[in-house]
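**Q** I would like the atomic coordinates for the input below:
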Amino acid sequence: MTISTESYTAAAGQARQATEKSVDVFKNVSRSFTNQLDAFRLPSVDLTQPVARYFEYVQKAVDLNRDLATQWAELVTNFYGSVREQAEQVGSIVQEQTDTVAELATRQAERAEQAAKAQAEEAEAAEKAKAREAKRVEREEARKAKQQAREAYEGLTKAELSDQLAERGLPKTGNVDELVERLVSADSE
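**A** Numbering: from 1, shown residues only. Below you'll find the predicted structure:
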C-alpha cells in the first residue's frame, strides 16, 4: 500500500490546523487573563490628606504620631502604585510571550508540513523507481525466456522449421529468423 503525496500533505495540513487552533485557544486565554488584570485596577490610595486633616484638630501633643501616620500613608500609596505597575508589566510580558509562542508554533507546523510533503515526494519517487526496476527485470526475463525458446530451433534448417510450422498449421514463408520467431510465438501462446 503506497501513501500518496496528497495524503501526506492532508495529514500535515490537519496537524498544522490543530496546532493553529491550539495556539488560538492559548492566545485567547492569555488575552482573557490580561484583560482581567486590566479590569482589576487597584485604586489609588492617598491617605496623606485625610490623615493631615484629622491631626489638624488634634493637639500638638500628638504631632509625633501624626508624622508617623503620614509616613505610613505614603508608604501604602507607593506600595499600591508599585503593585499596579508590576501588574501592567506582567500583562504586557504575558502578551509578548504569547505572540512569540504562537509564532514559533506556526513556524514549526509549517516546517512539519514541508517535511511531510518532501517525505511523500521521496516515497513517491522511490515507488516509481521500484516500478521501473520491476518492469526492467520483467523485460529482461522475457528476453531471456524468448532466447531460451529460440535455442530449441537454432540448429534446425529452413526445411525442418517449415515442417514444424506445417504441423501446427502456421504459414511457412519467410527467412529462418522469421520462421523461428513464428514458432517461438506459437509456443508462448
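
**Q** okay, and the helix or strand of this protein with the least pLDDT?
**A** Taking mean pLDDT, DSSP states H and E as the measure, helix 48-56 is the helix or strand of the chain with the lowest mean score, a mean of 79.

**Q** Mind listing what's buried along it?
**A** Neighbour-count burial for helix 48-56 flags 48, 51, 55 (criterion: 16 or more other C-beta atoms under 10 Å). Just so you know, the C-beta spots here come from the backbone N, C-alpha and C atoms, and that holds for glycine as well.

**Q** now swap in stretch 144-159 and tell me
**A** Across stretch 144-159, burial judged by 16+ other C-beta under 10 Å covers 149, 153, 156.

**Q** Touching, the second one and L165? I think so.
**A** No. In this structure Y153 lies outside contact range of L165 using C-beta atoms under 8 Å: 10.4 Å.

**Q** Overlap in contacts, the two.
**A** Overlap of the contact sets of Y153 and L165 (by C-beta atoms under 8 Å, 6 or more residues apart in numbering) consists of 179, 183.

**Q** From the contact counts, what lies against the longest helix along the chain?
**A** Using DSSP state H to define each element, the chain has its longest helix at helix 63-151. Applying 3 or more C-beta pairs under 8 Å, 6 or more residues apart in numbering; DSSP states H and E, one finds that helix 63-151 contacts helix 5-39, helix 48-56, helix 176-188.

**Q** what sits against V76?
**A** Counting by C-beta under 8 Å, 6+ apart, V76 has contacts 45, 47.

**Q** any idea how far it lies from T70?
**A** 11 Å (C-beta to C-beta, to the nearest Å).

**Q** D63 too?
**A** Taking C-beta to C-beta, one finds D63 at 10 Å from T70.

**Q** neighbour count winner among the two?
**A** T70 (16 against 11; other C-beta atoms under 10 Å).

**Q** so the more buried one sits right up against R53, yeah?
**A** No. Between T70 and R53 there is no contact under C-beta under 8 Å: 11.3 Å.

**Q** quick one on the thing from earlier: can you add distance to R84 and give the helices and strands packed on helix 63-151 back as CSV?
**A** CSV is the format used below for those (distance: least, C-beta to C-beta, whole Å):
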stretch, distance to R84
helix 5-39, 10
helix 48-56, 18
helix 176-188, 94
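
**Q** closest one to E122 among those?
**A** The closest approach between E122 and any of the helices and strands packed on helix 63-151, judged by C-beta to C-beta, belongs to helix 5-39 at 9.8 Å.

**Q** which residues touch stretch 10-28?
**A** 98-99, 101-102, 105-106, 108-110, 112-113, 115-117.
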